[in-house]
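A.B. asks: Next one to model:
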Amino acid sequence: MGVEECIESTYFMVDGHKWVIVFYPRGRTEIAHKEGYTSLYLILDSDITSLLLICLEFSILDQSCRGNHLVFPYISSQMKSPRLLVSFRGSTYGFRKFIKWSSLESSDYVKDDCLKISCTVEVFTSRTPPTNVGIDYSRFFKRKERANVFLKVEGESICAHKSKLAASSPAFRLLVSDTHPQEEIVIPDMEPRAVLQFIYTGTLMEEEHEEIGDKNSGNSFLVKVLAAADQFDLKILKKMCESRIMESASRESVAYLLHIADHYRATELKAACLRFSAKNRDENAEAQHSSSKEKESFANMFQPLDRVDVMQKIKED
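C.D. replies: Below is the predicted model:
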């Protein structure tokens, strides 16, 4: 097998969701291939209606029955945590440089040209009962109860609490640390209410907005929230936005979404866009190939062939 060629497992179920392991014996990228590395990934292969929090661990099984398995816990380079936030179908986690093939050859891990890989996926389910925080949040806007800082956006001042902002992210903590009581913080071009709703309730504000990817999409509500999440390092809000934005992906909008993903360092959105493009490219190529074959066959029906031509055509087919 060559670079970018993979072996895909049959799907398996965890917490009602389908998952697939994809292994690249000669690496997924040219860099991994040249350095002699294999690549290994876990992919979510089913739709989800809410965010999943998981822990992931790969193992290469020792086939000598001595139990010397090689264990590879996966830790997110972005979150710096073993817990991963899965936001949409196609979410991919794993190692571009997994293990060198030379380390596996002639070892107890390969037997009869067979390598056994185990994947452990643990899904965390919240059992926290519902609260009235949303009601408190609404009252907080109306009455400005005990607010000690204000966010000024496009001429509008919105009250907030320093302690809540500081706890939400290092960026906000730095921003409010040098402010005085009741001072306004001017923040250009963002969706403050959506950001504050997330900070206070952990939910994403519902908003009627235009189709992402059209000519006015630069003013899209979700894109503005994504921009704010990136600016203030609100990682979970950012992933929620990526998931929602990807729902609007189409052949017409995917190029724009890829641009958005690059601009705001939205890695999961970028990966989903690339998979979407690759899938559509393969489908288009298959459709064009099929159409071309049909046209060729149709044209050949009307070409006069003598017996020699017919026999030659049969042999070629």
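
A.B. asks: Which helix or which strand is home to Glu268?
C.D. replies: Here Glu268 sits within helix 267-300, counting by DSSP states H and E.

A.B. asks: same deal with Lys238?
C.D. replies: Counting by DSSP H and E, Lys238 is part of helix 235-246.

A.B. asks: Now do that helix: which elements does it pack against?
C.D. replies: Helix 235-246 sits against strand 83-86, helix 192-201, helix 221-231, helix 254-263, helix 267-300, with contacts defined as 3 or more C-beta pairs under 8 Å, 6 or more residues apart in numbering; DSSP states H and E. Backbone N, C-alpha and C define where each C-beta goes, glycine included.

A.B. asks: which outside residues touch that helix?
C.D. replies: 51, 78-79, 85, 87-88, 195, 198, 202, 204, 212, 222-223, 225-226, 228-230, 257, 260-261, 264, 266, 268-269, 272-273, 276 (C-beta atoms under 8 Å, 6 or more residues apart in numbering).

A.B. asks: And those residues, which of them are buried?
C.D. replies: 85, 87-88, 195, 198, 204, 212, 222-223, 225-226, 228-230, 257, 260-261, 264, 266, 268-269, 272-273, 276 (16 or more other C-beta atoms under 10 Å).

A.B. asks: weakest of the helices and strands packed on helix 235-246 by average pLDDT?
C.D. replies: Within those, confidence is poorest for helix 267-300, with a mean of 65 (mean pLDDT).

A.B. asks: what are the ranges of the strands in this protein?
C.D. replies: 7-8, 12-14, 17-24, 39-44, 52-60, 70-73, 83-86, 92-95, 110-111, 114-115, 117-124, 149-153, 156-160, 184-186 (DSSP state E).

A.B. asks: Might you calculate how far the first one sits from the centre of the chain?
C.D. replies: This points to strand 7-8. 20 Å (C-alpha atoms, centre = their mean, to the nearest Å).

A.B. asks: Would you mind splitting the chain into its domains for me?
C.D. replies: 7-124, 133-269 (automatic domain parsing).

A.B. asks: Just put those in TSV and tack on distance to Asn280.
C.D. replies: Formatted as TSV, those follow (distance: least, C-beta to C-beta, whole Å):
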stretch	distance to Asn280
domain 7-124	13
domain 133-269	6
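
A.B. asks: List the contacts of stretch 85-94.
C.D. replies: Surrounding stretch 85-94, the residues in contact under the criterion C-beta under 8 Å, 6+ apart are 22, 39-48, 51-54, 56, 58, 74, 76, 79, 84, 235-236, 239-240, 242-243, 246-247, 268, 271-272, 275.

A.B. asks: buried set for that stretch?
C.D. replies: Within stretch 85-94, the residues scored as buried using 16+ other C-beta under 10 Å are Leu85, Val86, Ser87, Phe88, Arg89, Gly90, Ser91, Tyr93, Gly94.

A.B. asks: for stretch 58-70, same thing?
C.D. replies: Buried residues in stretch 58-70 (16+ other C-beta under 10 Å): Phe58, Ile60, Leu61, Asp62, Gln63.

A.B. asks: ok, so of the residues you listed, who is nearest Asp112?
C.D. replies: Gln63 (8.8 Å; C-beta to C-beta).

A.B. asks: excluding its backbone neighbours, what's nearest that closest one?
C.D. replies: Lys111 (4.2 Å; C-beta to C-beta, 6 or more residues apart in numbering).

A.B. asks: could you check the distance from the one you found over to Val186?
C.D. replies: Taking C-beta to C-beta, to the nearest Å as the measure, Lys111 falls 65 Å from Val186.

A.B. asks: Same question for Gln197.
C.D. replies: 20 Å.

A.B. asks: repeat for Arg96
C.D. replies: Separation of Arg96 from Val186 (C-beta to C-beta): 41 Å.

A.B. asks: between those two, who's got more neighbours?
C.D. replies: Arg96 (15 against 10; other C-beta atoms under 10 Å).

A.B. asks: Need phi/psi at the more buried one.
C.D. replies: Main-chain torsions, Arg96, degrees, to the nearest 10: phi -70, psi -40.
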